[in-house]
Structure formats: structure tokens, C-alpha cells
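Trainee: After the sequence you'll find the predicted model.
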Amino acid sequence: MTAVIVYGSAWANIMDFAAASDPSLETGGALFGEATGGRAVVVAASDAGPGATHLSDFFLRDLAYTQAFASRLHADTGAQWVGEWHTHPEGSGTLSERDLATYVGHLTDRSLSLDTFVSIVLTPSAHHVSLEPRLWLLTRMHDLVRVTSHELTIGEPSDDREV
Ligand SMILES: [Zn+2]
């Protein structure tokens, strides 16, 4: 069974956001959908927002912008915050120590009630003609967080599914 499905529309948005950003600096955004028990469906992605911080090895979303995006989306579709996508302009597709520390912090923050967190890292391919995705899933069991790598599966919403 596929652990993570990313809707085609969300994936197209991520590629558009990344393409519109300075390729030498990190960018990213939040992922929304459903995630629990080590499985996730990503139905939407936000961009970094106008007040984001972009450095070559770090980015921070515009938090107020992301919160407004999340609230609007939740009211419209019920989708929850399930993860993050971001670029590593010079690095590998592996999660950095800072990435891991941030995500483990989210998963162990009891006020967030998250047990599954999706991270998509995009790195430039050879000749920088496109971005290659790596998909990571972090799953919390009690106080242990397991990190696994998965194929990126692009799916389409099925007609009978309410998200
Ligand atoms: Zn990173």
C-alpha cells in the first residue's frame, strides 16, 4: 500500500512555487491533507508567503500568511496541516539536522496532536533543469519518531472521496 499520495494539483503548485523562486535560496511551504498512522494524503500546498526568510541553507515560512492559508483551506475542505515541502539548492535530498529537529519538535508537541508528518525535499537535478523530489515520512510511536523514505506517488482525487 502506498504510504503517501500527493494530489496532482498540489504537486503542480509545488513545482510552480519552486520555479518562481530564486534557485540559489531555499524556499518551501506547508502541506495539507490528512496524515495519521504512518499514512498521508496531501491535497494542497502553500507557498512561502511574502514575509518568508530565504537563505542558501535555511528558510522560514511567513507564519501569519501560512496560518491564514491553513484556516481558509480548513474551512473550505477540512484539510489539516500535515507537513512541509522545501528546497535544498546546494544540498542533498536528505533531511538536515535542523529539519529533523524541527519535525521531531512538531511531532512531540502535544498541543499539535500530530503522529505523522510528511516532508518533501527538492534538489536540483543534473544541469539544474528540474527539481528532484525526495519524500520523507516521520511517524511517532509514543516518544519515538521513525523516519522513512518513500517513492513520491502523484494521485488524483477520486470521485467518492471527501477530504
Ligand atoms: Zn532542509
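Mentor: Happy to help now that I have it. Numbering: from 1, shown residues only.
Trainee: switch to C-alpha atoms for all contacts and neighbour counts from now on
Mentor: Will do.
Trainee: Run through who's touching the longest strand seen in the chain.
Mentor: The longest strand of the chain (DSSP state E) is strand 131-141. Contact with strand 131-141 is made by 37-38, 93-94, 103-104, 107-108, 115-125, 145-152, as judged by CA atoms under 8 Å, 6 or more residues apart in numbering.
Trainee: So which of these belong to helices?
Mentor: 103, 104, 107, 108 (DSSP state H).
Trainee: So which of the contacts of strand 131-141 sit within strands?
Mentor: Using DSSP E to define strands, the subset of the contacts of strand 131-141 located there is 116-124, 145-150.
Trainee: of all those, which two lie farthest apart?
Mentor: Using CA to CA, these span at most 28.1 Å, a distance reached by 124 and 145.
Trainee: Restricted to buried residues, select the ones in strands among the contacts of strand 131-141 in PyMOL.
Mentor: A single PyMOL command selects the buried members of these (16 or more other CA atoms under 10 Å):
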select buried, resi 116+117+118+119+120+121+122+123+124+145+147
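Trainee: Show me what residue 123 is bridged to.
Mentor: residue 132 (DSSP bridges).
Trainee: Distance check, it against residue 33.
Mentor: 23 Å (CA to CA, to the nearest Å).
Trainee: The residue nearest to residue 49 when sequence neighbours are not counted: what's it in contact with?
Mentor: Nearest residue to residue 49, sequence neighbours excluded (CA to CA, 6 or more residues apart in numbering): residue 62, at 5.0 Å. Contacts for residue 62 (CA under 8 Å, 6+ apart) come out as 48, 49, 50, 51, 52, 53.
Trainee: can you check residue 113 too?
Mentor: residue 107.
Trainee: can you start the count at 2 instead of 1 from here on
Mentor: Okay, using 2 as the starting number, the last item reads as residue 114.
Trainee: That one: what secondary structure?
Mentor: With DSSP: H, G, I helix; E, B strand; the rest coil as the basis, residue 114 sits in coil.
Trainee: nearest spatial neighbour of residue 74, skipping sequence neighbours?
Mentor: The shortest distance from residue 74 to any non-neighbouring residue, by CA to CA, 6+ apart, is to residue 80 (6.4 Å).
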